[in-house]
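Peer 1: pasted the sequence and its predicted model underneath.
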Amino acid sequence: MRSAPVLTYMADVLAGKLSTYAFPGHPFTPGTGGYGEIVGVGPGVHGLGAGDRVVINPHYRAPGASAEPAQILIGLTRISPDSAPLQAEWPDGSFAEYAHLPAAVLTKLPAGLALPVPALATFGKFAVPYGGLQSIGLAAGETLIVNGASGNFGSAAVLLGVALGCARVVAAGRDGGALAEVVRKAGPRAVAATLVGDATRDVATLREASGGGAEAAIDLVGRAGDPGATLATLRSLRRGGRLSLMGSMTVPLPLPYGETMINDWTLKGRFMYPGDAIGRLLGLAVAGMLDIGAVDIAIFPLADLPAAMAASARQRGLQASVLTMG
């Protein structure tokens, strides 16, 4: 391992404050994703070898032809009860000097990519929203609304929407200062829309910012206690619009049945991203279309994990905390 990202909620996870996360039943090494160099491969591994530089994807699905394979986030949680055996086989994550990982979660870096070691740990920040945008078929030239754009994944979604060719990307949320900074880094095709919590006003704000309505939207709110912003995002879509749900909410989402039907809206839940996502993001970075360098990175040595978790919990927008291992 050379570098690994620290999730904004990692301290809460390890403290047992988030009951939906399920650890192995024994001591384990946490840590999701990152960047490293291969020191050795096991039998049956092809296309990867000692010395290769790789980006790690923590989302691992059980191999085989099952329609619903067991899945885990390596170093963080199992996803469903049937994934306990898979987690038992691969319990340990990336907060270590050496990691033992399945070959399927590694993506080799292209020869033309030259980024600092800490920046190479931040691709997961972009891979999550990429999964949502891919699932709703985002197309170049469309207008995209990103709800939760001042957050960890939402801020990355704004940059990603620009990189994927959107005509306009609306960065929506309630932290106007953080939204302004995200839009500044995203460039002239991004605009901010500050929400105030009033349903009528927020819909009007989003529709105005999107030029009369958007073809696509992604919702990346984190543990929201109020569905208002998500519903305002839905109601800001044009007829036939698509909404990707990738955040989290502590209350039910009251779906407007009649409006959804009449407007031909599509709501699509998406967990994580396809296996080729990091490779495609690497391609965008090599081509100069996705500016990974826009992420403001706070660097901590592995021994300072507690400080890194504290810093990560405070970060907003295009900020990240990264551990380095020498």
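Peer 2: Cool, the structure landed. Residues are numbered from 1 along each chain as shown.
Peer 1: residue ranges with poor pLDDT in the stretch 151-300 of the chain?
Peer 2: Across the stretch 151-300 of the chain, nothing is flagged by pLDDT under 70.
Peer 1: give me the pLDDT value at Leu101.
Peer 2: At Leu101, the predicted lDDT confidence score is 97.
Peer 1: domain ranges for this protein?
Peer 2: Listed domain ranges for the chain are 3-122+295-324, 125-269 (source: automatic domain parsing).
Peer 1: what's the most buried one of those domains?
Peer 2: Most buried of these by mean neighbour count (mean count of other Cβ atoms under 10 Å) is domain 125-269; its value is a mean of 20. Where C-beta positions appear, they are placed from N, C-alpha and C, glycine not excepted.
Peer 1: what ranges do the strands span in the stretch 101-250 of the chain?
Peer 2: 106-108, 143-147, 168-173, 190-194, 214-219, 237-245 (DSSP state E, counting those that start in this stretch).
Peer 1: possible to save those strands as TSV with distance to Glu97?
Peer 2: What follows is those, written out as TSV (distance: least, Cβ to Cβ, whole Å):
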stretch	distance to Glu97
strand 106-108	17
strand 143-147	36
strand 168-173	38
strand 190-194	39
strand 214-219	36
strand 237-245	37
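Peer 1: quick one: closest of the ones you listed to Ala298.
Peer 2: Judged by Cβ to Cβ, the one of these that comes nearest to Ala298 is strand 168-173, at 21.5 Å.
Peer 1: tell me which of the domains of the chain lies nearest to Leu281.
Peer 2: That would be domain 125-269 among the domains of the chain, by Cβ to Cβ, at 5.3 Å.
Peer 1: quick one on the thing from earlier: would you list the domains of the chain in CSV and tack on distance to Gly275?
Peer 2: Formatted as CSV, the domains of the chain follow (distance: least, Cβ to Cβ, whole Å):
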stretch, distance to Gly275
domain 3-122+295-324, 7
domain 125-269, 10
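Peer 1: so which of those domains comes closest to Ile278?
Peer 2: Among the domains of the chain, if distance is taken as Cβ to Cβ, the winner is domain 3-122+295-324, at 4.4 Å.
Peer 1: any idea how far that closest one is from the chain center?
Peer 2: Here domain 3-122+295-324 shows a centroid-to-chain-centroid distance of 13 Å under the convention Cα atoms, centre = their mean, to the nearest Å.
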